[in-house]
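Visitor: Next come a sequence and a model predicted from it.
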Amino acid sequence: MMRTSAVVFGAAIVAALSSVCISARASEPLTLKEAIGRALAYAPAAAIAGAQAEFSDARADEARAPLFPSVFANGEYNQAPGYDKTISNGGLTLAQLALDYTVFDGGRRADLLKAARYAAQATRLGVNTARAQIIYATTVAYYDLLRARTAEAQTEESLRRLEQYLSIVENLRESGRAIANDVLKTRTARNTTELALAAAHQSAAQAAIVLGALIGAPDPATIQVAAVADLPSPPAGDVARSPTFQAAERQLESTKLAVAAAEAERAPVAKLALTSGWEGINPPKTFGHHLGASYDGAISVPIFQGGLVRAHIDEAVAAQRVALAQVRQIELDLTRDFADALARYQGARAQLRLLALAQTTVDDSFALDWTRFLGGGAVTLFEVLDAYQQAQTLRLTRIDDEFTVRQTAAQAALILGDAR
């Protein structure tokens, strides 16, 4: 009995410790690497792209099959009593192994195979594109939540400071060193900050919902993101590295080969057929005496098909022109987007350098005004609050600029296809 109680007690302790450990792990901040890993495993876009790549590979295998001989078995048994034996031969018993092979077709099969392989390569590059899109969306959502939480904490700190300032001004009002209007102005600034804090709470909740949807978090409100101290390096690279651009080039090569395959329809087609087995009228005699083989060679030369070949060529040429225009358009779009991301990155970096200098000046200005106000100097509370709001605005601007730096670096990585 005592042993049983001890076992139960020990199991309860182990369960409690396990739950504590699980809770501790659940409360650990989520890193960007972990968020990206969870998003790649959760998002259906990656699975869809992978399935499309497998489908394209299968299409390439299908295009390769006609290059090999076709071997199949034929079996037939037919009796035609009452019909003229000159026509029906009285019946048919057939059991053969047949081989069919296209010896020459002007290179059409080879061109179709190469076109299918280029199309498969383009689809496989689409997997990289899908991964890059997921990584970009997750990275931006992660940094957006980090920005929202940082701004939320900064606004909470501002509200606490203003409550302290309000308490001080109220005490000064009681001692006659401040007027009622000073109390009202300070209280108004405090109330305005409280409204800003409510908006910051809402922004953080929305950012958590976006990130939670990407990584499959059941309760986005519980997501905690780890602080990131360093800012990413400036984006650099060539848009030709982009999987989107490379996929478009593969599609262009595929359409070129499709044109060659359509033109090859004008060429003669030579086929060879071989058979081996039994062929006769009645089964007993057929399988006893009529074992044999046959070979057949045929050449087909297209002369007139009502413009069908010409139409196939025109379709292929039109598709090639569309693919060529798409390559050019994608190159222009990627070049423009990359230049835009680089310009915004550099602008945010420059603004951060200016903010670092301006923040110190504004903080010193507020500290001086506040000290002069407390000491009864020639400064109004309006000037004090204005200096405080300027300092607070610069703090929030710095948070936004840091997000811009990270967002533009992630956008450049997306454009260049950096799916790390």
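Guide: Right, received. Where do you want to start?
Visitor: tell me the contacts of Gln79?
Guide: Neighbouring residues of Gln79 by Cβ atoms under 8 Å, 6 or more residues apart in numbering: Gly90, Gly91. Any C-beta I mention is one placed from the backbone N, CA and C, and that applies to glycine too.
Visitor: what ranges do the strands span in the stretch 151-300 of the chain?
Guide: In the stretch 151-300 of the chain, the segments counted as strands under DSSP state E, counting those that start in this stretch are 269-280, 291-300.
Visitor: Which residues does the longest one contact?
Guide: Contact with strand 269-280 is made by 74, 92-106, 286-287, 289-300, as judged by Cβ under 8 Å, 6+ apart.
Visitor: before we move on, back to that, format the strands of the stretch 151-300 of the chain as a markdown table; extra columns: distance to Gln390, mean neighbour count and mean pLDDT.
Guide: Conversion of these to a markdown table gives the following (distance: least, Cβ to Cβ, whole Å; neighbours: other Cβ atoms under 10 Å; pLDDT from 0 to 100):
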| stretch | distance to Gln390 | mean neighbour count | mean pLDDT |
| --- | --- | --- | --- |
| strand 269-280 | 82 | 17 | 94 |
| strand 291-300 | 86 | 11 | 94 |
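Visitor: Compare the ones you listed and give me the one nearest Ala356.
Guide: strand 269-280 (75.5 Å; Cβ to Cβ).
Visitor: so what's Val379 up against?
Guide: Asp369, Arg372, Phe373.
Visitor: Revised request: answer the last question for Gln392.
Guide: Here Gln392 is in contact with Gln154, Ser158 (Cβ under 8 Å, 6+ apart).
Visitor: switch to 6 Å and redo it
Guide: Ser158 (Cβ atoms under 6 Å, 6 or more residues apart in numbering).
Visitor: so which helix or strand takes in it?
Guide: Element membership of Gln392, judged by DSSP states H and E, is helix 381-416.
Visitor: What mean pLDDT does that helix get?
Guide: What helix 381-416 shows for mean pLDDT is 93.
Visitor: So, low pLDDT: which residues of the stretch 1-150 of the chain?
Guide: Residue ranges of the stretch 1-150 of the chain with pLDDT under 70: 1-27.
Visitor: just the helices in it please.
Guide: 2-27, 32-42, 44-64, 85-88, 108-174 (DSSP state H, counting those that start in this stretch).
Visitor: Tell me which of the ones you listed sits most buried.
Guide: Mean neighbour count, computed with mean count of other Cβ atoms under 10 Å, is highest for helix 108-174 among the helices of the stretch 1-150 of the chain, reaching a mean of 20.
Visitor: just the angle between that one and helix 381-416, please?
Guide: 170 degrees (axes from the mean of the first three to the mean of the last three Cα atoms, to 10 degrees).
Visitor: Going by contacts, tell me the helices and strands next to helix 108-174.
Guide: Contact here means 3 or more Cβ pairs under 6 Å, 6 or more residues apart in numbering; DSSP states H and E; on that basis helix 108-174 packs against helix 32-42, helix 44-64, helix 180-215, helix 243-263, helix 381-416.
Visitor: So what's the gap between that helix and the chain middle?
Guide: 13 Å (Cα atoms, centre = their mean, to the nearest Å).
Visitor: what about the longest strand in this structure?
Guide: strand 91-104 (DSSP state E).
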